[in-house]
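A.B. asks: I need the structure of the sequence given here:
(2 chains)
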2 protein chains.
Amino acid sequence: MSEPLFRRIALIGLGLIGSSLARVVKREGLAGHIAGHARTQRTRDKSLELGFLDSAHETPGEAVAGADLVVLCSPLGTYAEIGAAIREHLAPGAIVSDVGSVKQAVIRDLGPQIPEGVHLVPGHPVAGTEHSGPEAGFAELFQGRWCILTPPPGTDEAALARLAELWRRAGSQVEIMEPGHHDRVLAITSHLPHLIAYTIVSTATDLADATQSEVIKFSAGGFRDFTRIAASDPVMWRDVFLNNREAVLEMLGRFNEDLTALQRAIRWGEGDKLQDLFTRTRAIRRGIIDAKQA
Amino acid sequence: MSEPLFRRIALIGLGLIGSSLARVVKREGLAGHIAGHARTQRTRDKSLELGFLDSAHETPGEAVAGADLVVLCSPLGTYAEIGAAIREHLAPGAIVSDVGSVKQAVIRDLGPQIPEGVHLVPGHPVAGTEHSGPEAGFAELFQGRWCILTPPPGTDEAALARLAELWRRAGSQVEIMEPGHHDRVLAITSHLPHLIAYTIVSTATDLADATQSEVIKFSAGGFRDFTRIAASDPVMWRDVFLNNREAVLEMLGRFNEDLTALQRAIRWGEGDKLQDLFTRTRAIRRGIIDAKQA
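C.D. replies: Residues are numbered from 1 along each chain as shown, chains lettered A, B, ... in the order given. Model (predicted):
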């Protein structure tokens, strides 16, 4: 095996994404040592037991000591606190990255905590499942998916290249993007779909005239796909919406306009309008299949 | 092999559902003869070539002659015309059923066309994929899914039992339901999810600041599941919305209220509200997994 890409990787947060990253880093031999921190003793013990960590640490500060790559894999709302906890412990020349679904907020919350000589390179692997926790991770999660890196202006090129190489060796394709653009693109491709899925499942839960058991029984008509998305981690998603408010509200506004137009077409029995709209949406599906993201 | 359940089954419409039903009827030996009608010569030829039909007919009337079971498997908007075309040709004692996603409209459109001594028993197998056409069908489509039958008051019990037996032998569980109740339950578990999926895919298509290629690339964040649903047959879905208007508009109203509440919580940064709502939607997912409908 060749020299590992990083001497020591520290993962802060050991849920679905953190534990998947640890697993693929271990499988591919991308780090000499994988250190991890999780808030609970249970998660730390479980992670050691599952074997994807070399060491588990009670505090983020201990975990990052001596690491040349630190990756935050916890909900966005924890970043400011973690930044404060690790800043004194970061090694000179280290790269600090993350896997959060919003990127401007990372630069806002974490940027001021990063010492001179340490490189902040925010990242977002566009991959996931509806399952949470260290048991839910698997080394193949990132295979064939995109990982978006959003370096702030002036980011060290070598640091960026090294992090990009890590994600490529984890199986992903890497895209570099401006953080604000990332947040708008993901607002439509990820955040709004989750918001809508959570809403419709909640609407169904509250119905009095269709019982819960009927909703469950007949979910194969389309509803079940929404329930899968709406089973995603609540704290992670709360933080996504709190931290990408403007872009989500903007996309939600557009969605609402389009939905109102459809509602009107249904009320007035405008079949041609409905059929036209239902026809044009097929093209995007074909694009996704062609791009092997289906 | 035991005696077939029906002497001759006539399928009007040979797309995903019709061709799947033909395939399972053939595999299980449920009919002595499977006759089919499709509007286009291409579909009729293809169906014979694929081998799931015993005979293909140019008109619905020819197809139903001598059949003891007729199943309409075409979009809801075609029912009135088909009813008029077959009424003179229906054999005494025959059962006329369908597979449409709305049931009150079937009784409204088809009921008046059914001669004395012929039994109308509307049905709805809650199963499907986003693919269309005779090539898209497969015999396992109904396996483990629910089929809902909505007999109007006074329906012949023997006819109902025979049709239920067909669906059970096709692999489904059968539920008997009042037609109006069916339309409300399906409005939330199937029609509204499709409407929303079509809308969000359309909203994404119109975005100027995220390119089409970006939307496709990063669809793994949730969006791709919606594109699958939004790739369903446009004519079939147009007819669903035109024929279940009241129930769909009612569910859409509830959904809009809930979405507006979430929108407000995001705007005002009400994290607790978001987290509570995202937590309660997990229970339904567990129910669906337990019911083996996931």
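
A.B. asks: And the lowest mean pLDDT element among the helices and strands of chain A?
C.D. replies: Confidence across the helices and strands of chain A bottoms out at helix A:282-290, with a mean of 81, counting by mean pLDDT, DSSP states H and E.

A.B. asks: Just checking it against chain B, any contact.
C.D. replies: Yes: interface with chain B: helix A:282-290 contributes A:282-288 (C-beta under 8 Å from any C-beta of the partner chain). Bear in mind the C-beta positions are built from the backbone N, C-alpha and C, glycine included.

A.B. asks: Now that helix: buried residues?
C.D. replies: By neighbour count on 16 or more other C-beta atoms under 10 Å in any protein chain shown, the buried set for helix A:282-290 is A:282, A:284-285, A:287-288.

A.B. asks: can you check stretch A:134-147 too?
C.D. replies: Under the neighbour-count criterion of 16+ other C-beta under 10 Å, stretch A:134-147 has A:134, A:136-137, A:139, A:141-142, A:145-147 buried.

A.B. asks: Of those, which belong to strands?
C.D. replies: Mapping the buried residues of stretch A:134-147 onto strands (DSSP state E) picks out A:146-147.

A.B. asks: if we can go back for a sec, for the least confident helix or strand of chain A, what is the distance to the chain centroid?
C.D. replies: Relative to its chain's centre, helix A:282-290 lies at 23 Å (C-alpha atoms, centre = their mean, to the nearest Å).

A.B. asks: again with stretch A:79-88
C.D. replies: 20 Å.

A.B. asks: Go ahead and flag the most central residue of chain A.
C.D. replies: When C-alpha atoms, centre = their mean is applied to chain A, the residue found nearest the centroid is A:Ser101 (4.3 Å).

A.B. asks: mind listing what whichever residue of the stretch 1-150 of chain A sits closest to chain B touches?
C.D. replies: Minimum separation of the stretch 1-150 of chain A from chain B (C-beta to the nearest C-beta) falls at A:Val126, amounting to 5.0 Å. Going by C-beta atoms under 8 Å, 6 or more residues apart in numbering or on different chains, A:Val126 touches A:145-148, A:186, A:189-190, B:218, B:220-221.

A.B. asks: Is the helix or strand hosting A:Gln275 in proximity to chain B?
C.D. replies: Using DSSP states H and E, A:Gln275 falls within helix A:271-280. Yes: against chain B, helix A:271-280 shows contacts by C-beta under 8 Å from any C-beta at A:271, A:274-275, A:277-280.

A.B. asks: What is the burial count for A:His181?
C.D. replies: 17 (other C-beta atoms under 10 Å in any protein chain shown).

A.B. asks: repeat for the one 3 residues further on
C.D. replies: The local packing of A:Arg184 (other C-beta under 10 Å) involves 22 other residues.

A.B. asks: Now A:Gly13: closest residue in space, sequence neighbours ignored.
C.D. replies: Nearest residue to A:Gly13, sequence neighbours excluded (C-beta to C-beta, 6 or more residues apart in numbering or on different chains): A:Ser74, at 3.2 Å.

A.B. asks: Next: A:Ala283.
C.D. replies: Of all residues not flanking A:Ala283 in the chain, B:Thr205 sits nearest, at 7.7 Å (C-beta to C-beta, 6+ apart).

A.B. asks: can you pull the contacts of that neighbour?
C.D. replies: A:280-281, A:283-284, B:212, B:215.

A.B. asks: change it to 7 Å
C.D. replies: B:Thr205 makes contact with A:280-281, A:284 under the criterion C-beta atoms under 7 Å, 6 or more residues apart in numbering or on different chains.

A.B. asks: ok, now which ones touch the residue in the stretch 51-200 of chain A positioned nearest to chain B?
C.D. replies: Nearest residue of the stretch 51-200 of chain A to chain B (C-beta to the nearest C-beta) works out as A:Ser190 at 2.9 Å. By C-beta under 7 Å, 6+ apart, A:Ser190 lies in contact with A:101, B:221-223.

A.B. asks: so is it in a helix, a strand, or just coil?
C.D. replies: Secondary structure state of A:Ser190, per DSSP: H, G, I helix; E, B strand; the rest coil, is helix.

A.B. asks: got it, and the one 4 residues further on?
C.D. replies: The assignment at A:His194 comes out as helix when based on three-state DSSP.

A.B. asks: isn't it right up against A:Trp237?
C.D. replies: Yes: taking contacts as C-beta atoms under 7 Å, A:His194 lies within contact range of A:Trp237: 5.9 Å.

A.B. asks: What sits closest to A:Ala80 if chain neighbours are left out?
C.D. replies: For A:Ala80, ignoring the flanking residues on the chain, the nearest one in space by C-beta to C-beta, 6+ apart is A:Asp109 at 4.5 Å.

A.B. asks: My guess is that neighbour contacts A:Ile82. True?
C.D. replies: No: under the criterion of C-beta under 7 Å, A:Asp109 is not in contact with A:Ile82, lying 9.3 Å apart.

A.B. asks: Which of the two has more residues huddled nearby?
C.D. replies: When A:Asp109 and A:Ile82 are compared for neighbours, A:Ile82 comes out ahead with 24 against 20, by other C-beta under 10 Å.

A.B. asks: Checking the more buried one next. Helix, strand or coil?
C.D. replies: A:Ile82 ends up helix, using three-state DSSP.

A.B. asks: How about it, nearest residue that isn't a chain neighbour?
C.D. replies: Excluding the flanking residues, the one nearest A:Ile82 by C-beta to C-beta, 6+ apart is A:Pro60, at 5.2 Å.

A.B. asks: If we go by neighbour counts, what in stretch A:42-55 is buried?
C.D. replies: A:43-44, A:46-48, A:52-55.

A.B. asks: In TSV: these, plus distance to chain B.
C.D. replies: Below are these laid out as TSV (distance: C-beta to the nearest C-beta, whole Å):
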residue	distance to chain B
A:Thr43	19
A:Arg44	24
A:Lys46	20
A:Ser47	23
A:Leu48	27
A:Phe52	22
A:Leu53	26
A:Asp54	30
A:Ser55	31
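
A.B. asks: Touching stretch A:92-112 from outside, list them.
C.D. replies: With contacts defined as C-beta under 7 Å, 6+ apart, stretch A:92-112 is touched by A:17, A:67-73, A:76, A:79-80, A:83, A:90, A:114, A:117-125, A:150, A:152, A:159, A:162-163, A:179-180, A:182-183, A:186, A:190, A:240, A:243-244.
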